[in-house]
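Novice: Prediction below, plus the sequence it came from.
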Amino acid sequence: MPTLTVPAFDLAERLLSENRSGRSWRAIAREDYRNRVNFATLNRIANSGGAWLPKERKILRALGLVERRKRTPIQKAISRMVRDTRKAMIEMSPNPIKVTRAQANRLERNLKKAKVEVKEEELRKHTTCSNCGKKIGHTGLPGFWVLKVERHMIDLRAVKRQDGLAAMLDGDVVLAQVMGPDEDMTLPMMESVEITLCEECALGDVNIGGLVLV
Ligand SMILES: [Zn+2]
């Protein structure tokens, strides 16, 4: 639970003063919180000075202590992708999983509703594992790994230049660093690429170079 010491203290103060002004806890619960928070809960918060708070997020939200968690477009896209993956898993399954008519309809509706967004499209690139080629959900987990791979070569000429400068500066490497042109010591050998791994492959033996170069 988030730390809410100050706002909870403020809330307790406010509740207490409302109650002292003659409003019953029931009235406060009904009129101020539309009974989304129990009157006994309000009483307990006020009496504890905000030190005690209910645990349910829903109630904390009704009390105005925590904000509604907004789902970002990427989170929405992820849940859609999880649904898609689940659907694909059902379709791929050698022993068809029994899906009720209602479940299938809901799945269809959700898939139709799913608008294609850039982020989602980006996410779709990651629906299959670059190593085993299976749908990333095949492990039963909706998680996957994305690796950004770069290949660099050491630029020996640049290193030599830096070394030469250090030699001139009586071997002072630090001074050479400061005095030197601060140039790149490596040359990228390719555009960076992203590879997706399912949970299983990510934890197993993967030949990254082989995946990228093939
Ligand atoms: Zn895999």
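Specialist: Great, that's in hand.

Novice: Flag every residue of the protein that's near the ion.
Specialist: 129, 131-132, 198, 201 (CB under 5 Å from the ion). From N, CA and C alone the C-beta is placed, and that goes for glycine too.

Novice: swap the cut-off to 8 Å and go again
Specialist: Residues of the chain found near the ion (CB under 8 Å from the ion) are 129-134, 136, 138-139, 197-202, 204.

Novice: Closest one of those residues to residue 73?
Specialist: For the residues of the chain next to the ion, the closest approach to residue 73 (CB to CB) belongs to residue 136, at 19.7 Å.

Novice: State the pLDDT value of the closest one.
Specialist: At residue 136, the pLDDT value in this model is 81.

Novice: Which residue, other than its chain neighbours, is closest to it?
Specialist: Distance criterion CB to CB, 6 or more residues apart in numbering; nearest residue to residue 136, sequence neighbours excluded, is residue 144 at 4.2 Å.

Novice: moving C-terminal of the worst-scoring helix or strand of the chain on mean pLDDT, what's the next helix or strand?
Specialist: Lowest on mean pLDDT, DSSP states H and E among the helices and strands of the chain sits helix 118-124, with a mean of 65. For helix 118-124, the succeeding helix or strand toward the C-terminus, using DSSP states H and E, is strand 144-149.

Novice: Note down every partner strand of the following helix or strand past that following strand and its orientation.
Specialist: Downstream of strand 144-149, the next assigned helix or strand under DSSP H and E is strand 152-154. According to DSSP bridges, strand 152-154 forms sheet pairs with strand 186-188 (antiparallel).

Novice: For residue 187, see how far away residue 44 is.
Specialist: Counting by CB to CB, to the nearest Å, the gap from residue 44 to residue 187 is 66 Å.

Novice: Those two: who's more crowded?
Specialist: In this view residue 44 and residue 187 are compared by other CB atoms under 10 Å, and residue 44 has more residues nearby, 16 against 13.

Novice: Considering the residues of the chain next to the ion, which possesses the most neighbours?
Specialist: Highest neighbour count within the residues of the chain next to the ion: residue 136, with 27 neighbours (other CB under 10 Å).

Novice: That residue: what's it in contact with?
Specialist: Going by CB atoms under 8 Å, 6 or more residues apart in numbering, residue 136 touches 85, 126-129, 142-144, 196, 198-199.

Novice: ditto for residue 13
Specialist: The neighbours of residue 13, taking CB under 8 Å, 6+ apart as the test, are residue 50.

Novice: All good on my end, thank you.
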